[in-house]
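[1] Mind looking at a prediction? Sequence and model below.
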Amino acid sequence: MDTEFETLLYGQQFKKLYEKMSNLITGKYGLHKVEIEILLFLKKGKGDTARDIAENKFFSKAHISHAIDKLVECGYLVGKPDVQDRRCIHLILTEKAEPVCGELLKMRERLMDIVCRDITEEERRVMRRVAKKIAHNISKELGVEIQNNGKKEMEDLDDKKQ
């Protein structure tokens, strides 16, 4: 396998850059990586329960539970029981979370600008399609249930091919 491709797949350089950039925000607000990832996940609207976070972010349930407790304690989240299933709690970002989320989104945008510098829009589209296929293949091989939107994403890729 190509060294560059392995580097991309393992993501160690990206991980270091991401940590370097996010440390400013985690330090400023006294949050941990899991907590900022949960805030971002909720802000992007990809789900709103601890289960959604676990299925999409692959953090342990214990880490998620602890992070949610801290975010609620800090006033960044509130939990609202589901009307049909009281055991299910929907997580809602508070107004206090907005500045943190705003900074996180800007940081992520800047990160992507750095990572994708000198990459054309067409190359980005190809990269996204390939990355989704790779993620799908890995999930399938590991026997991981592909997230709700994973199937939809693969269908979208197939539609774009035609």
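    Now that the structure is in, tell me what you want to look at.

[2] Number of residues surrounding the nearest residue to Lys96 once chain neighbours are set aside?
    Closest residue to Lys96 apart from its sequence neighbours, by CB to CB, 6 or more residues apart in numbering: Gly75 at 4.7 Å. Every C-beta, even on glycine, is put in place using the N, C-alpha and C of the backbone. By other CB atoms under 10 Å, 11 other residues sit near Gly75.

[3] What residues sit buried inside stretch 13-31?
    Tyr18, Ser22, Ile25, Tyr29, Leu31 (16 or more other CB atoms under 10 Å).

[4] Mind picking the two most distant members of the residues you listed?
    By the measure CB to CB, Tyr18 and Tyr29 form the most distant pair in the buried residues of stretch 13-31, at 16.5 Å.

[5] For the closest residue to Ile89 other than its chain neighbours, name its beta-bridge partners.
    The shortest distance from Ile89 to any residue other than its chain neighbours is 4.2 Å, reached at Gly79 (CB to CB, 6+ apart). Per DSSP bridges, the residues bridged to Gly79 are Leu91.

[6] Where is the longest helix in the protein?
    helix 121-142 (DSSP state H).

[7] That one: how far from the chain's middle?
    15 Å (CA atoms, centre = their mean, to the nearest Å).

[8] what's that helix packed up against?
    Using 3 or more CB pairs under 8 Å, 6 or more residues apart in numbering; DSSP states H and E as the contact test, the elements touching helix 121-142 are helix 148-161.
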